[in-house]
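In: coords below, sequence missing:
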């Protein structure tokens, strides 16, 4: 079936938000029946979005005690509020497929690597009871499992020389792919995370690039088919030192 007005990404966004007219909604639903891959993407996105809202909405709605409003950047509420902003942005672009992604290589890196890496860091670095899915006592199992799920040779760099010990890691949905997150912590309970995922072929080399979102600094780079993002709430120079160490270890055969 052909459509006089093609079904666009904006139509799909509006469909998810329940903002289409009845006639256009029927057209979109018929189109989705003919495009099961896009229907699957929408269903997966709805599941992730619902789970994130179930996790964060109750916390976001909690009133902030007066004595905690003096230095909001160091309180968990600030982190959650930042995460909520990522959810909103992710709702707009998070589920787009490789073939439908528009824009430059940098936009792709921003959408599929930097933004989800920062979001994952904000959410899980603040977790006290369940910061990781598999802890560091099962490091070899963790690496083998994540490598299998990402269909790539994944490594967990050793950052003990910088005062950070591996806490563990987890598997995460990352827009149109899966991603791995490794978490590290120092004696002061400060945490950094390394986010790894496959990414479309882009015209980028392995040089470090810097990004800042709120209090989170990130160094990221592309190596072959994998994108890496090291995130932390620390000085840029300190994070760069660990990013260089991480890069060197990941490129040792």
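Out: Everything's here; your move. Just so it is clear, the structure is predicted and the values come from calculations on it, not from any experiment. Residues are numbered from 1 along each chain as shown.
In: what kind of secondary structure is residue 107 in?
Out: helix (DSSP: H, G, I helix; E, B strand; the rest coil).
In: can you check the one 4 residues further on too?
Out: Following three-state DSSP, residue 111 is assigned to helix.
In: hang on, it packs against residue 175?
Out: Yes. Between residue 111 and residue 175 there is a contact at 6.7 Å, judged by Cβ atoms under 8 Å. Quick note: C-beta positions are derived from backbone N, CA and C, even for glycine.
In: The two: which has the busier surroundings?
Out: Shown here are residue 111 and residue 175; by other Cβ atoms under 10 Å, residue 175 has more neighbours (25 against 21).
In: Distance of that one relative to residue 105?
Out: 15 Å (Cβ to Cβ, to the nearest Å).
In: next one: residue 194
Out: Residue 194 sits 22 Å away from residue 105, taking Cβ to Cβ as the criterion.
In: Kindly report the same for residue 224.
Out: Residue 224 is 15 Å from residue 105, by Cβ to Cβ.
In: out of the two, which sits in the more crowded spot?
Out: residue 105 (14 against 10).
In: So which residues of this protein form strands?
Out: For the chain, the strands defined by DSSP state E occupy 134-135, 165-174, 177-185, 191-198, 209-213, 216-223, 226-232.
In: Give me the buried stretch members for stretch 213-232, please.
Out: Using 16 or more other Cβ atoms under 10 Å as the test for burial, stretch 213-232 gives 213, 216-222, 226-232.
In: Looking at these, spot the one nearest residue 31.
Out: residue 227 (31.1 Å; Cβ to Cβ).
In: Could you list the low-confidence segments of the stretch 151-253 of the chain?
Out: 201-206, 253 (pLDDT under 70).
In: Can you tell me what sits against stretch 222-240?
Out: Stretch 222-240 is touched from outside by 109, 112-114, 117-118, 121, 125, 152, 190-199, 201-202, 204-206, 208, 210, 215-221, 242-243, 246-247, 250-251, with contacts defined as Cβ atoms under 8 Å, 6 or more residues apart in numbering.
In: ok, 6 Å please
Out: 113, 117-118, 121, 152, 192-199, 204, 206, 215-221, 243, 246 (Cβ atoms under 6 Å, 6 or more residues apart in numbering).
In: Return the distance of it from the chain's centre.
Out: 13 Å (Cα atoms, centre = their mean, to the nearest Å).
In: So what would you say the end-to-end distance of that stretch is?
Out: 15 Å (Cα to Cα, to the nearest Å).
In: and what of stretch 120-130?
Out: Using Cα to Cα, the end-to-end distance of stretch 120-130 comes to 13 Å.
In: Equivalent analysis for stretch 220-227, please.
Out: End-to-end distance of stretch 220-227 (Cα to Cα): 7 Å.
In: Understood, closing this out.
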